[in-house]
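A.B. asks: Return atomic coordinates for the entry below.
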Amino acid sequence: MPDTIDNRIRFKISSPPLPSMEGIQQLEQFKHWLQSKRYSENTIKTYSEALQSFLTFFNQKSVFEIT
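C.D. replies: Numbering: from 1, shown residues only. Coordinates of the predicted model:
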């Protein structure tokens, strides 16, 4: 089943949570750093998605407070 707005409304599925604005900024910096190290696009995508999931879990905390 496609992930569309209509299907989300029909089946009462909420939108997935997102990282905080600070987390999004740090995620973009991380992507740029990986690109500067000449990582492949697939690696950048995989690492970024993993980091996004992690930051989404801790979206109520500052990135610099996570230990």
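
A.B. asks: going forward, measure contacts between C-alpha atoms and count neighbours the same way
C.D. replies: Fine.

A.B. asks: The most far-flung residue of the chain relative to its centre: what's it in contact with?
C.D. replies: Distance from the C-alpha centroid of the chain, by CA atoms, centre = their mean, peaks at Arg10 (25.4 Å). Contact analysis of Arg10 by CA atoms under 8 Å, 6 or more residues apart in numbering lists nothing.

A.B. asks: same check, this time on Ser48
C.D. replies: So Ser48 contacts Leu27, Phe30, Lys31 (CA under 8 Å, 6+ apart).

A.B. asks: what's the spacing between the last one and Ser14?
C.D. replies: Put plainly, it is Lys31. Distance, Lys31 to Ser14, by CA to CA, to the nearest Å: 27 Å.

A.B. asks: who has more neighbours, the two?
C.D. replies: Lys31 (18 against 9; other CA atoms under 10 Å).

A.B. asks: Which pLDDT value does the model give that one?
C.D. replies: Per-residue confidence (pLDDT) for Lys31: 98.
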